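[1] next input, structure requested:
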Amino acid sequence: MVHPAQSLTDISVLPYTDVLAWIVMAVFVAGVIADRRGNRPLARRLTAAAWGLFALFWFLLIHHFAFIHRSAIQTLLVVIAVPSCLYVGWRLLGGRDSLLTLSRAIAFMTILYLPFETSEVARGLLIEAVAFQTATAIDILGLGDGIEFIEDPAQESTLMNTFWFPETGRASRVVFECTGIGAMAIFGGLIAAVDAPKRKKLLAATVSIAIIWVLNIGRNVFIALANGYQWFAVSWLEGPVMFLFGLSDASRVSFFVADRILAQGLAVFALVGLAWFVSRWVPELLDIGEELLSVLLGREIALRTPETAADGGKPKP
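    Numbers count the residues shown, from 1 in each chain. Below is the predicted model:
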């Protein structure tokens, strides 16, 4: 996503969440190591504890997504994540060892994501790379006339990540959430966790990350232009959107419509579609989906057809 440059609120909710995230990752990894060494009882206990800490992590983020980030979709997902994590941990303690594969995926996701989240240097390089490519895409589309690509107006930042629109006096800036690293870590972690031929996993990871990167650049272009040119600054939208997101500035309506409603809504469908597409190469990914849905719905769910089961292993009973 691309944030209005006027919104300079620190996106790191609490200093404690970064520390807690590393602790969560360490406990998940410890559970993976215990499982790989054949100590299943210890793996269960460690991984269940990691899920409990993961629930606490998401609980601490509810206020951020609801009142600072003001994202209805992300707030809903975080609220759902808290009891879901606790339930998965409880089922693990109860002996549902098949959930260890999902837990292994979480471990890989955090390994891929946290270095960028917690390292200022890595985060800055990623943001500037995405911002430059977004600016390049805007120019290629022939929409860059009059737009200035400038340094972040925040006093503590020297990143080149901001688009200034003199025509409307608006600015959009690329921040960490605009990089798509979260979605890439999810797919990378899922693919790394399953037992499948390494060549297939490498191909699936490469293709999925490339697709996410391209789609994310397109999303950034759309949000930057929609906010900069005030595409959704229409009277019949202003009232409902300002009420829904608690806004006092009507000039922010275009950003919230473009990002919080359109881009985030379409992203859910895009990621589900990508997951289906990637599962054609690595059908073992469906095992994780089956397991998660079975636990959450309380009944066994079968996503793999006999053909995909034959391609990726034995069908689940």
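[2] identify the residues contacting the nearest residue to I186 once chain neighbours are set aside.
    Nearest residue to I186 in three dimensions, chain neighbours excluded: M109, at 5.8 Å (Cβ to Cβ, 6 or more residues apart in numbering). In short, each C-beta sits where N, CA and C put it, glycine included. Contact partners of M109, counting by Cβ atoms under 8 Å, 6 or more residues apart in numbering, are A185, I186, G188, G189, L190.
[3] those residues: which two are farthest apart?
    Largest separation among the contacts of M109 by Cβ to Cβ: A185 and L190, giving 9.6 Å.
[4] please tell me I have it right and A48 contacts L86.
    No - judged on Cβ atoms under 8 Å, A48 makes no contact with L86 at a distance of 9.7 Å.
[5] the two - which one has more neighbours?
    Between A48 and L86, A48 has the larger neighbour count (other Cβ atoms under 10 Å), namely 21 against 17.
[6] now do the contacts for the more buried one.
    Taking Cβ under 8 Å, 6+ apart as the test, what A48 contacts is G89, W90, L92, L93.
[7] could you check the pLDDT of the first one?
    The predicted local confidence for G89 comes out at a pLDDT of 94.
[8] the one helix or strand it maps to: how far from the chain's middle?
    Following DSSP states H and E, the helix or strand that holds G89 is helix 72-93. Its chain's C-alpha centre and that of helix 72-93 lie 15 Å apart, by Cα atoms, centre = their mean, to the nearest Å.
[9] sorry, back to before: just the contacts of A48 now: which is nearest I288?
    L92 (14.2 Å).
[10] what sits against E238?
    E238 touches A250, V253, counting by Cβ under 8 Å, 6+ apart.
[11] can you tell me how far it is from L247?
    9 Å (Cβ to Cβ, to the nearest Å).
[12] list the residues that contact both of the two?
    V253.
[13] is it true that A135 touches W164?
    No - the criterion here is Cβ under 8 Å, and A135 misses it with W164 at 11.3 Å.
[14] common neighbours of these two, please.
    Common neighbours of A135 and W164 (Cβ under 8 Å, 6+ apart) are F149.
[15] so which of the two has more stuff around it?
    A count of neighbours by other Cβ under 10 Å puts A135 above the other of A135 and W164, at 22 against 19.
[16] so the nearest residue to the more buried one once chain neighbours are set aside versus A131, what's the distance?
    Spatial nearest neighbour of A135, excluding adjacent residues (Cβ to Cβ, 6+ apart): F149 at 4.7 Å. F149 sits 8 Å away from A131, going by Cβ to Cβ.
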